[in-house]
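pasting the sequence and the predicted model now:
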Amino acid sequence: MVKNADGYGSLGLKDNQGTKKIQFFAGGNSYIDTGNVGIGTTTPSYNLHIVKSGTEDEGYAAKIENTQTTNGVGGLIINTKEIKSTTHILSANSNDINKFTVFGNGEISMPQIPAGSGV
C-alpha cells in the first residue's frame, strides 16, 4: 500500500506487461480493468458474478441502494447498445426457469402468462 500526499492509501496491481489492471484508492475511484469479479464464487462466469448459497440467513444476494434525497435521484439503469428483439436487457429466473424477460426492442416476455391475456 502507498499513501499519496493527502495521506490516502492506494493499492495497484499490474499484469506481467507492467500495465495496471487493478486499482483500489481510499480517496477516489477504484477499478478492476480485467477479467471477471466473483463475490461468493471463485469461478465467476460474468463481469460481476454474485452467488449466495447456504442457509445461514434469509435475504437477497445483492442490494442496490441510493440514499440521496435530492430531486431527480434514480435507482438503477440497465443499458445495452443493441435494440434487437433477441437482446436480453433483463431476465428474471427462479430455479433456472424464466419468469420474465425485457428485450432490446422494448417487448416483455412473461412465459407464465398466456399471450393475448391483456396483462
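Nice, thanks for sending it over. Model, not experiment: these values are computed from the prediction. Residues are numbered from 1 along each chain as shown.

quick check: closest non-adjacent residue to the residue positioned nearest the centre of the chain.
Central residue of the chain (CA atoms, centre = their mean): Leu48, 5.3 Å from the mean position. Excluding its sequence neighbours, the residue lying closest to Leu48 (CB to CB, 6 or more residues apart in numbering) is Val37, at 5.4 Å. The C-beta positions use only the backbone N, C-alpha and C, and glycine is treated the same way.

what's the neighbour count on the one you found?
Using other CB atoms under 10 Å, Val37 has 14 neighbouring residues.

residue contacts, the residue nearest to the centre of the chain?
Asn36, Val37, Ile39 (CB atoms under 8 Å, 6 or more residues apart in numbering).

all strands of this protein, in order?
Under the criterion DSSP state E, the chain contains strands at 2-3, 9-14, 20-25, 31-32, 37-39, 48-50, 88-94, 97-103, 108-109.

picking up where we left off before, in JSON lines: the contacts of Leu48, plus distance to Val73 and pLDDT.
Listed next are the contacts of Leu48 as JSON lines, based on distance: CB to CB, whole Å; pLDDT from 0 to 100:
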{"residue": "Asn36", "distance to Val73": "30", "pLDDT": "91"}
{"residue": "Val37", "distance to Val73": "26", "pLDDT": "91"}
{"residue": "Ile39", "distance to Val73": "25", "pLDDT": "89"}
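
Gly106: which of those is nearest?
Asn36 (29.2 Å; CB to CB).

His49 versus that closest one, what's the distance?
Distance of Asn36 to His49, given as CB to CB, to the nearest Å: 6 Å.

Asn98 pairs with what?
On the basis of DSSP bridges, Asn98 takes part in beta bridges with Asn93.

that one: neighbour count?
Neighbours of Asn98 under the rule other CB under 10 Å: 14.

one more: Phe103?
By the criterion of other CB under 10 Å, Phe103 has 19 neighbours.
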